[in-house]
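[1] Here's a sequence, model it:
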Amino acid sequence: MADQKMISLTIEGRTVSVPEGTSILEASKVAGVLVPHYCYHPGLPVAAVCRMCLVEVEKMPKLAPSCATAVAEGQVVHVHSERAREARKGVLEFLLINHPLDCPICDQSGECELQDYTFAEGRKDSRFLEPKRFNPVEDFGGDVIYVPNRCILCTRCVRFMDTVAKDTVLNVSERGDRALIGKFEGKDLTHAWAGNVIDLCPVGALLSKDSLNKARAWELDRTASICTGCSQGCNMILETRDNVVVRQRPRPNADVNEFFLCDYGRLNYRWLNRQDRAEFPMVRLQGNFAPADWEVALESAASLLNGRRAHVVASPGLSNEALFLLKQLVDRTGGTGVFRVRTGAEAPLPGVEDLALRADRAPNATGAELLGFTRTERPFHGLGAGEVLVIADDDLDGLDVPALDGVAGVIVIGTTLPLALANAVSILLPIANVAEEEGTFTNLRGRVQRFLQAKAAPALARPSWFVLGDLVQLLGSPAAYYLASEVFAALAAAQPEFRGLSYDRLGLRGLPVLDAAPEAAAGVPAEAAR
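    Residues are numbered from 1 along each chain as shown. Prediction:
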């Protein structure tokens, strides 16, 4: 990239240099100038059909569509000239001819580009007096419904399904003022990645059935997070309302998922709002399993582990920080650490290299392996008499739990109490889930990525790293941790693969661990993944 030719041009009086072949629209972003647009999206082929991004380029006789016009040396571009603004005003007037005035009931209201640009550059009144066109709402299959009255025919959805999903489901049906988005006969949006058309739609024409009428855009709090649906580690935004997760949407990261998120990951959030959560530390004394103070529960757990081997069954959904401290617990007791991974069918996104819903349905299996845990389908194998069984946030669903008569005790460190062990648990230490704490995951390519806290944990539940840090300290560790970043710093110092990494260096896009860097840079094909 160092020898790539750079082009210098001036946009709204600001001189910028961008690589040769860059569009004026993308160059304007570098200059800090927003060019209004509808049909253009950086993850889709250029169509230049909406004519909203017209700009004035000196020495060019006509206004140019900035999404389809490459930069040239010495160009002088005017985005907000009188000619350009008047042209965009005309485009907006045409788009609003048949657009219904239903912003108060539209799910897109508050994050609608048609609203934004009309307010910024549109006419103050309407000159259209005739009745508006009306078409009924249509179910497009999957999680998508289509409201044709709001559609501006930007064709983002059509291009996504054709060139990225490579499943020709959608088309532009009819012509002229009767045109709308249609489905080919016998097809619908049941593709594993079809929900992305909802995010791509710049208006309220394509809506999610799952989030329909749940909340207004301005009522939502948004937090950067990582999808826990599989080992791909797609970047996403968690949206909460009144401490409840109501929606998940993709967050751009060119190194992981570009602009997209599969439907499985998008809709897999209800477990974050479970009502059967473990909320209070509990200890079994004289046959009674009752709530206890944190200090009592932690000291009881340390006393039970003292002098005994721990058999830890960890969840690959735990953060690197929690797994690092669990491994310290394993090492200090001379025990064993294992984990299991649920699997499912792999579903690649054909138009994006190395992006798929992975077979491993866990976000941190790679991190668990790097930190010394053994992957197995028989997590209770090797559990010996006199040992302490530690269940670290594995719900044990689908497992045959053996008789535990010979074990010294059972400690559950988790978000819920596994039903299979309800009568055998000695100590319960409630922890926060991924939406209620911060930490890091390591995806299948060895990329370490941060997730942030989006909502509060219930009752007395604490972050997993905080609980495990206190427990390991009671077992003799000299270190005390008060921040997740401190745990990660200790992890980076102790594990050669994580050397040199920190929360500050990771940012919100992540970095690969040392032994995964060449593989991550090369880009391993999707079919090579587990």
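
[2] What does the residue lying farthest from the centre of the chain show for phi and psi?
    Distance to the chain centre peaks in the chain at residue 286, reaching 45.4 Å (criterion: Cα atoms, centre = their mean). With angles defined as degrees, to the nearest 10, residue 286 sits at phi 50, psi 40.

[3] likewise residue 241?
    Note on residue 241: its backbone torsions stand at phi -140, psi 120 [degrees, to the nearest 10].

[4] Where does the nearest residue to residue 166 once chain neighbours are set aside sit: helix, strand or coil?
    Distance criterion Cβ to Cβ, 6 or more residues apart in numbering; nearest residue to residue 166, sequence neighbours excluded, is residue 350 at 4.2 Å. C-beta coordinates here come from the backbone N, C-alpha and C atoms, glycine included. Assigned by DSSP: H, G, I helix; E, B strand; the rest coil, the conformation of residue 350 is coil.

[5] Do you know the pLDDT at residue 350?
    Listed pLDDT for residue 350 reads 96.

[6] In this structure it contacts residue 165, no?
    Yes - counting by Cβ atoms under 8 Å, residue 165 is a contact partner of residue 350 at 6.8 Å.

[7] More neighbours: those two, which one.
    Neighbours per residue (other Cβ atoms under 10 Å) separate residue 350 from residue 165, with residue 165 holding more: 23 against 14.

[8] Contact partners for that one?
    191, 193-194, 196, 349-351 (Cβ atoms under 8 Å, 6 or more residues apart in numbering).

[9] same check, this time on residue 237
    222-225, 248-251.

[10] Let's see that with 6 Å instead.
    222, 249, 251 (Cβ atoms under 6 Å, 6 or more residues apart in numbering).

[11] That one: which element?
    Secondary structure from DSSP states H and E places residue 237 in strand 235-241.

[12] how much distance is there from that strand to the middle of the chain?
    7 Å (Cα atoms, centre = their mean, to the nearest Å).

[13] What does the pLDDT read for the residue farthest from the centre of the chain?
    Listed pLDDT for residue 286 reads 84.

[14] can you offset everything so residue one is 685?
    Taking 685 as the first residue, the last one we looked at is residue 970.

[15] so how far does stretch 966-984 reach from one end to the other?
    Across its full length, stretch 966-984 reaches 10 Å between end residues, using Cα to Cα, to the nearest Å.

[16] how far does it sit from the chain's center?
    Relative to its chain's centre, stretch 966-984 lies at 37 Å (Cα atoms, centre = their mean).

[17] buried ones in that stretch?
    For stretch 966-984, a neighbour-count test (16 or more other Cβ atoms under 10 Å) marks 966-968, 973, 976, 978, 981-984 as buried.

[18] Filter those residues down to the ones in strands?
    966-968, 973 (DSSP state E).

[19] got CSV for those, with distance to residue 1095 too?
    CSV is the format used below for those (distance: Cβ to Cβ, whole Å):
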residue, distance to residue 1095
966, 11
967, 10
968, 11
973, 13
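
[20] what residue ranges in this structure score low on pLDDT?
    685-686, 1199-1214 (pLDDT under 70).

[21] quick one: the residue nearest the centre of it from residue 704, how far?
    For the chain, the residue sitting closest to the mean C-alpha position, by Cα atoms, centre = their mean, is residue 920 at 2.1 Å. The gap separating residue 920 from residue 704 is 33 Å, by Cβ to Cβ, to the nearest Å.

[22] Next: residue 1052.
    Remark: distance between residue 1052 and residue 704 (Cβ to Cβ) = 45 Å.
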